[in-house]
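Q: Okay, structure incoming, though there's no sequence with it:
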Ligand code: ADP
């Protein structure tokens, strides 16, 4: 992930591009906050009339050039009505502004977060297998939950404060500059100090936030490992180990959070101090003879009120800065994932009803970051409809070879061909549509039995087709014993199924897919004889008429294969039929002796 580190600025820009999509709501919100900010300045402006109001008697009229065009305030009685009325109007405007601004900013923020989260998830699913191999799942999970939530915090509360108080600051500053620009130079003089402090604090906030996120990734990762592996943890006394691993991540999180809090709590009073120093300077200069002559009491009062009103929004802005920076740091890591290149899908060849001729031509493959080649000089041709059994010691490269075909892992170009066309020249979706995969590790989703069989592209399958697939996979027998049959909920929080039952569901899924190419990774674990017989039978049915690549552990599968390919250390060491290879007395015959003790299969 390091090679595409997002700059803080890049993350801002990209977040803004999300915000822009909801511009009408944003416009409403800004209008609201402008009203709110104007209300603040108007309140300070009211002070301008206070001395006159005090001076006014029933006889004495004071004229204000600006105001006189609209209303005429002349007597003390006029002022008694004007002030409450003005306060009322200002508060009402502020109230409406606050509502419009507040609601619509949250509307924008929640929508941004929603879109961001969906884009992130969608992008994650398009990432290549190599990405999943290289990234801890805990980090991914915490990015999609914790980091997105951090952006939410920044986008909702913080953005609201940023826009509302930011506009208030702008309005108040404009007002004081309008009243007396010379005196207002004090603010210009103070601003670099404030900016430097905000800048340094922001950088620190982002640094610590980044570490907090990483530690959350650790926390999620350790928990999910310990939860999924609870049996191993219990059986091997892993409690202390897991607890200390968890504690490390959690305490690292604590330390970084405290560092962040320290910067947060220091920067606010420093900026407050600077603000009040500015106000002190204002008094000093404002009461100096030269400036005093320029302003009447009312204007000076209004000026100081406006300047003092600046303190609160400035404080709120600094306080919210840590939240904003946390959001930006979170957005950075979200955008890093979103910038990781998706799977390469540049082929244009369609794959419609392929015959299923598979060829590996001088294939050489090495996993990224691994020194030795994982597969070398693989030459193998699997004719349409043939079954090829891959056998060999574990680590020989069988799974790797099988995973290259649906492009779970990408091989070098022009080394693997289906019907004479290189894999990468096909459209990726087309290629995968024509390959059914049954893995050892069967993944069932939290859904009904039917939903699990008709998963993904198969979701439109008719009930009859699902039923038929289940029957072919010998799954109907046990499905019928479930409380709600096909509609029984399975998956993590559903009915627990046995290993054999899960396998039969996976087979039913592959049968329903009805793809011309089949990749099977036989389970090594021993099943009871009954399940074994069922599964064997189901497997044979599935293989009929398809080009099948099977990582075989069962003698019966191996014996019936059209071709047995013996692999060792990433190479093909022997090819032939069961009888041929036995007669040869080479690697296969050794393996056969070792695994099956030379026994003949029972069927
Ligand atoms: P088999 O299926 O025959 O047991 P594999 O294809 O799983 O063998 O593994 C072949 C070799 O590739 C092994 O040395 C294994 O450690 C290595 N390997 C497997 N998967 C990866 C991976 N994702 N990254 C790096 N090396 C891997």
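A: All right, it came through fine. Note that the structure is predicted; figures quoted are calculated from it, not measured.
Q: Could you use CA atoms for every contact and neighbour count after this?
A: Will do.
Q: How about the secondary structure of residue 376?
A: Taken by DSSP: H, G, I helix; E, B strand; the rest coil, the conformation at residue 376 corresponds to strand.
Q: Can you tell me the closest non-neighbouring residue to it?
A: Leaving aside its sequence neighbours, residue 376 sits nearest to residue 364 (CA to CA, 6 or more residues apart in numbering; 4.4 Å).
Q: hang on, the one you found packs against residue 397?
A: No - in terms of CA atoms under 8 Å, residue 364 does not count as a neighbour of residue 397; the distance is 11.5 Å.
Q: Of the two, give the one with the bigger neighbour count.
A: residue 397 (22 against 18; other CA atoms under 10 Å).
Q: Mind telling me what element the residue of the stretch 401-550 of the chain at minimum distance from the ligand is part of?
A: In the stretch 401-550 of the chain, the residue that lies nearest the ligand is residue 401 (6.4 Å; CA to the nearest ligand atom). Using DSSP states H and E, residue 401 sits within helix 398-404.
Q: which is the next helix or strand following the strand or helix carrying residue 322?
A: Residue 322 is part of helix 311-339, with elements assigned from DSSP H and E. Going down the chain from helix 311-339, the next helix or strand is strand 358-365, by DSSP H and E.
Q: Is that next one positioned near the ligand?
A: No - judged by CA under 6 Å from any ligand atom, strand 358-365 and the ligand are separated, with a smallest distance of 9.6 Å.
Q: Can you list the buried residues in that strand?
A: Residues of strand 358-365 classed as buried: 358-360, 363-365 (neighbour count, 16 or more other CA atoms under 10 Å).
Q: What of stretch 252-269?
A: Buried residues in stretch 252-269, counted by 16+ other CA under 10 Å: 252-253, 256-257, 259-260, 263-264, 267-268.
Q: can you check stretch 446-456 too?
A: Within stretch 446-456, the residues that count as buried by 16+ other CA under 10 Å are 447-455.
Q: Can you pull out the residues in contact with it?
A: When contacts are defined by CA atoms under 8 Å, 6 or more residues apart in numbering, stretch 446-456 is touched by residues 444-445, 459-461, 466, 470, 479, 485-494, 505-506, 508-509, 512.
Q: Can you say which of those residues are buried?
A: 444-445, 461, 466, 470, 479, 485-486, 488-491, 505-506, 508-509, 512.
Q: quick one on the thing from earlier: okay, the buried residues of stretch 252-269 in CSV with secondary structure, pLDDT and distance to the ligand next?
A: Formatted as CSV, those follow (DSSP: H, G, I helix; E, B strand; the rest coil; pLDDT from 0 to 100; distance: CA to the nearest ligand atom, whole Å):
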residue, secondary structure, pLDDT, distance to the ligand
252, helix, 93, 29
253, helix, 92, 30
256, helix, 93, 33
257, helix, 93, 35
259, helix, 94, 37
260, helix, 91, 37
263, helix, 91, 42
264, helix, 88, 42
267, helix, 87, 46
268, helix, 85, 49
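Q: Identify the farthest-apart pair in those residues.
A: Using CA to CA, these reach their maximum pairwise distance at 252 and 268, which is 24.8 Å.
Q: how close does whichever residue of the stretch 451-600 of the chain sits closest to the ligand sit to residue 398?
A: The nearest approach of the stretch 451-600 of the chain to the ligand comes at residue 570, 6.8 Å away (CA to the nearest ligand atom). The span separating residue 570 from residue 398 equals 8 Å under the rule CA to CA, to the nearest Å.
Q: of those two, who's got more company?
A: Remark: of residue 570 and residue 398, residue 398 carries more neighbours, 29 against 23, as counted by other CA under 10 Å.
Q: can you tell me which of the buried ones among the contacts of stretch 446-456 are in helices?
A: Residues of the buried ones among the contacts of stretch 446-456 located in helices (DSSP state H): 466, 470, 479, 505-506, 508-509, 512.
Q: can you redo those as JSON lines with pLDDT and distance to residue 556?
A: JSON lines is the format used below for these (pLDDT from 0 to 100; distance: CA to CA, whole Å):
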{"residue": "466", "pLDDT": "93", "distance to residue 556": "28"}
{"residue": "470", "pLDDT": "91", "distance to residue 556": "23"}
{"residue": "479", "pLDDT": "89", "distance to residue 556": "26"}
{"residue": "505", "pLDDT": "88", "distance to residue 556": "21"}
{"residue": "506", "pLDDT": "88", "distance to residue 556": "20"}
{"residue": "508", "pLDDT": "90", "distance to residue 556": "20"}
{"residue": "509", "pLDDT": "91", "distance to residue 556": "23"}
{"residue": "512", "pLDDT": "91", "distance to residue 556": "24"}
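Q: Just the closest of the residues you listed to residue 377, please.
A: Of all those, residue 377 sits closest to residue 506, with 32.5 Å by CA to CA.
Q: No further questions, thank you.
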